[in-house]
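Enquirer: Fold the following and give me the result.
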Amino acid sequence: MPESKFSGSGTKDDPWVLQTPPLTSEYTLHKDESQDPPVLVCTVGKTVLLYDLRCIEELHAMLKTHGDWMDLGSADEQKDAKPGTVEAWGRSPDNPRGGWYGLKKGLRGRFGMYIPPLLEALGLAELEHNSKNNRMRAK
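Expert: Alright, predicted model coming up:
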């Protein structure tokens, strides 16, 4: 299975440079702790998405509790997320935030596309890199 490449330290001046799970697109993430709540700034081309920074440790904790592989199920905000996926959890009223980790109205989706590669890069999760239907699990 191909391995994801990444670089960077997660700051604005040295963002994490990541690849989507199928390894087809590159994007960057960096922390902005000056925001309330602190955010992950995700830049995909010219599009900027914002995710609650607490998603890193909270997604990792949920995956540890889940204990097995979980489908990513990435979807745009306007589309329903497939139940039981990382994407569905990232929007669920039952997650620690009580709803969306995505913070930019209209661009709150794609949690299952852009956050899992970061957990892999940080050594918190294993991630599949198939052309579609990828899964992840906690390390």
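Enquirer: Please make it C-alpha for all contacts and neighbour counts, starting now.
Expert: Will do.
Enquirer: And the next helix or strand past the lengthiest helix in the chain?
Expert: Determined from DSSP state H, the single longest helix within the chain is helix 55-66. Following helix 55-66 in sequence order, the next helix or strand is strand 70-71 (DSSP states H and E).
Enquirer: Run through who's touching that following strand.
Expert: Outside of strand 70-71, the residues within contact range by C-alpha atoms under 8 Å, 6 or more residues apart in numbering are Leu63, Gly84, Thr85, Val86, Asn133, Asn134, Arg135, Met136, Arg137.
Enquirer: among those, which ones are buried?
Expert: Leu63, Thr85, Val86, Asn134, Arg135, Met136, Arg137 (16 or more other C-alpha atoms under 10 Å).
Enquirer: Report pLDDT for the residue nearest the centre of the chain.
Expert: Residue closest to the average C-alpha location in the chain (C-alpha atoms, centre = their mean): Ile115, at 1.2 Å. Reading off the confidence values, Ile115 has pLDDT 98.
Enquirer: Neighbours of the closest residue to it other than its chain neighbours, how many?
Expert: Take Ile115 and drop its neighbours on the chain: the residue closest to it by C-alpha to C-alpha, 6 or more residues apart in numbering is Ile56, 7.6 Å away. One way to gauge burial is a neighbour count; for Ile56, by other C-alpha atoms under 10 Å, it gives 17.
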